[in-house]
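> Predicted structure and sequence below. I'll ask about it afterward.
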Amino acid sequence: MKVVTMDTSKCVGCRNCELACAFANSKATCERTESKIKVNHYIEEEVLIPMTCLHCEDAWCMNVCPAAAISRNEETNAVEIDEEKCAGCKMCILACPYGNIHFDEEKLVSTKCNLCEGNPRCVGHCVAAALQFEEAEEFAERSRKKVDMRLAETMKNTCK
């Protein structure tokens, strides 16, 4: 299963991901408000965190939707919202523990990342390669190796 992964140590805050997403979703205005990915800036901590839908296996948003407007795309594995079925009740927004579902005030429906039908534009326009579209297990293995290397370095320095 492929997912959008984020290496926050590489993010430079250019927000190209937001613009690429906005363009893919609005086609006309290219307003950042149309973006389904947001780069969160934490100035005091000097951290930039790009965040978008994680397409959870047990998607709370999908489970809570009273209109059955949220389903999993069998091809892309994306959790998607059918705007035609969405009642605009915002239950999915309340259910998402990551805050990655937004409300379209014009259309009066909830909206979120749909992985651009298996080709996330945000990833393709990330100049720092902070975003990747990869197998979840590959990301997990790489993350484990990074932690192992940091732990080994810490132990090496403290055991001298």
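Structure's in. What do you need?
> so what's the residue nearest in space to the middle of the chain closest to, chain neighbours aside?
When Cα atoms, centre = their mean is applied to the chain, the residue found nearest the centroid is residue 52 (2.0 Å). Nearest non-adjacent residue to residue 52, counting by Cβ to Cβ, 6 or more residues apart in numbering: residue 37, 4.0 Å away. Every residue, glycine included, has its C-beta placed from N, CA and C.
> Now do the host helix or strand of residue 23: everything it contacts.
Using DSSP states H and E, residue 23 sits within helix 16-26. By Cβ atoms under 8 Å, 6 or more residues apart in numbering, the residues outside helix 16-26 that reach it are 29-39, 50, 52, 111, 113, 116, 121-127, 131.
> What about those residues, which are in strands?
Taking DSSP state E, the ones among these that sit in strands are 38, 39, 50, 111, 131.
> So which of these wins on neighbours?
residue 131 (24 neighbours; other Cβ atoms under 10 Å).
> Which residues are in contact with it?
4, 5, 6, 7, 17, 50, 120, 122, 123 are the contacts of residue 131 under Cβ under 8 Å, 6+ apart.
> What score does the residue nearest to it when sequence neighbours are not counted have for pLDDT?
Among residues not flanking residue 131 along the chain, residue 123 sits closest, at 4.6 Å (Cβ to Cβ, 6+ apart). Per-residue pLDDT puts residue 123 at 97.
> Quickly note the distance from residue 123 to residue 18.
13 Å (Cβ to Cβ, to the nearest Å).
> How about residue 53?
Residue 53 is 14 Å from residue 18, by Cβ to Cβ.
> ditto for residue 146
Taking Cβ to Cβ, one finds residue 146 at 26 Å from residue 18.
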